[in-house]
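[1] structure of the sequence below:
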Amino acid sequence: MNSKFTQYLIQRAIRFGWPFCLMMLTACCSRFDLDRRHSAFNTLVKHHHLLCDDITAGGFVLRTAFREGSTDTLRVYIEGDGFGWKNAYEPSTNPTPISPVSLHIALANDIGSWVYLARPCQYTMKPAHACTTDMWTTHIYSAQVIAAISAVIDHYKKRFHPKHLELIGYSGGGTLALLIKAHRTDISTVTTIASNIDVAAWTQSLGLTPLNQGLDPRNYHQKLCGGSYHFVWGGQDSTVSQKVFQPFVRRLSQCADVTQETYAENTHSHGWNNITIKKLK
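    Below you'll find the model as predicted:
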């Protein structure tokens, strides 16, 4: 394949913030089959004896898996952007992720009470009228998505009655974790993993069309001040490059407790399943 054409396909694929769709250049692979994507999730749930529930919130039905433990902290793991495009030109008809990376991370840190939270329209396309392609392309960080996820957090907060709430997000799930933190007062800590934490800087660095239909953590500096944050990066991540976000990190560090960690060999989509989530202050 011509290298310039390949570069064009890659830029087209990540235009709307879809890290996983870099792999869609090989979209004929059977692992993209929807049944296989559902099976990957169901196998983990069954093998690890997790509880699973679909929660109606913010006009969507969101798939969750969870475990109730004895600690006074509830960790919420937010999934990445998922399978947004079936090729470089055409959005997918279902954003269910190829692999539930955030669920793998939750299971690698299987202590206390925690909830895995899939994004709207992942694993369940309900209600059908709400699950339009813009919800997993142009509107992935919209106010509607943030409100829906926040409502699910409220649901589990009432169930578990935790003293502390921690958010952990992979890829675009980390972007949403920061935006949710900016709109709530009860989040103790946020950990992002390979996340575009400054959306405008990210699109600009790649020469891509801005995601103007969604919200951007960079615009919520004051509301993010005073929290505890841990930003995790992949040393081989060409989709979300750590250096692009350092101005955001330096600015936030002036008013919040901020730490960073780099996994030298990790790419954007590989190496995260077994990482350890640090306990923040």
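[2] can you pull up the bridge partners for Thr189?
    Glu166, Ser228 (DSSP bridges).
[3] name the helix or strand for the nearest residue to Leu51 once chain neighbours are set aside, please.
    Closest residue to Leu51 apart from its sequence neighbours, by Cβ to Cβ, 6 or more residues apart in numbering: Phe66 at 5.5 Å. For the C-beta atoms, the positions are set from N, CA and C on the backbone; glycine is no exception. Secondary structure from DSSP states H and E places Phe66 in strand 60-67.
[4] next SSE downstream of that strand?
    Past strand 60-67, the next helix or strand by DSSP H and E is strand 73-78.
[5] what pLDDT, on average, does that following strand get?
    Averaged over strand 73-78, pLDDT sits at 97.
[6] same check, this time on stretch 97-106
    On average, stretch 97-106 scores 96.
[7] mind checking the end-to-end distance for that stretch?
    End-to-end distance of stretch 97-106 (Cα to Cα, to the nearest Å): 16 Å.
[8] kindly report the same for stretch 52-71.
    Across stretch 52-71, first to last residue, Cα to Cα, it's 20 Å.
[9] what does that stretch contact?
    41, 44-45, 50-51, 103, 110-124, 126-127, 130-131, 144-145, 147-152, 155-156, 159-160 (Cβ atoms under 8 Å, 6 or more residues apart in numbering).
[10] stretch 36-50 now?
    By Cβ under 8 Å, 6+ apart, stretch 36-50 touches 30-31, 52, 63, 65-67, 83, 96-100, 103-104, 107, 110, 116, 123.
[11] whichever of the residues you listed end up buried, select them in ChimeraX.
    Selection command for ChimeraX covering only the buried members of the contacts of stretch 36-50, criterion 16 or more other Cβ atoms under 10 Å:
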select :63,65,66,67,83,96,97,98,99,100,103,104,107,116,123
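[12] mind checking which of the contacts of stretch 36-50 are in strands?
    The strands, defined by DSSP state E, take in Cys52, Arg63, Ala65, Phe66, Arg67, Tyr116 from the contacts of stretch 36-50.
[13] please enumerate the helices of the chain.
    With helices called from DSSP state H, the chain shows them at 3-13, 34-47, 101-108, 143-160, 172-182, 199-206, 221-224, 246-253.
[14] which elements pack onto the fifth one?
    Here helix 172-182 is seen to pack against strand 73-78, helix 143-160, strand 164-170, strand 187-193, helix 221-224 when contacts are counted using 3 or more Cβ pairs under 8 Å, 6 or more residues apart in numbering; DSSP states H and E.
[15] turn those into a markdown table, columns for distance to Trp233 and mean neighbour count.
    Shown next, in a markdown table, are the helices and strands packed on helix 172-182 (distance: least, Cβ to Cβ, whole Å; neighbours: other Cβ atoms under 10 Å):
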| stretch | distance to Trp233 | mean neighbour count |
| --- | --- | --- |
| strand 73-78 | 17 | 26 |
| helix 143-160 | 23 | 18 |
| strand 164-170 | 12 | 24 |
| strand 187-193 | 8 | 25 |
| helix 221-224 | 18 | 16 |
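[16] which one of these lies nearest to Ala264?
    Closest to Ala264 of those, according to Cβ to Cβ: strand 187-193, at 14.7 Å.
[17] hang on, Gly84 packs against Asp134?
    No. Using Cβ atoms under 8 Å, Gly84 is not in contact with Asp134; the gap is 10.7 Å.
[18] tell me which of those two has more neighbours.
    When Gly84 and Asp134 are compared for neighbours, Gly84 comes out ahead with 25 against 13, by other Cβ atoms under 10 Å.
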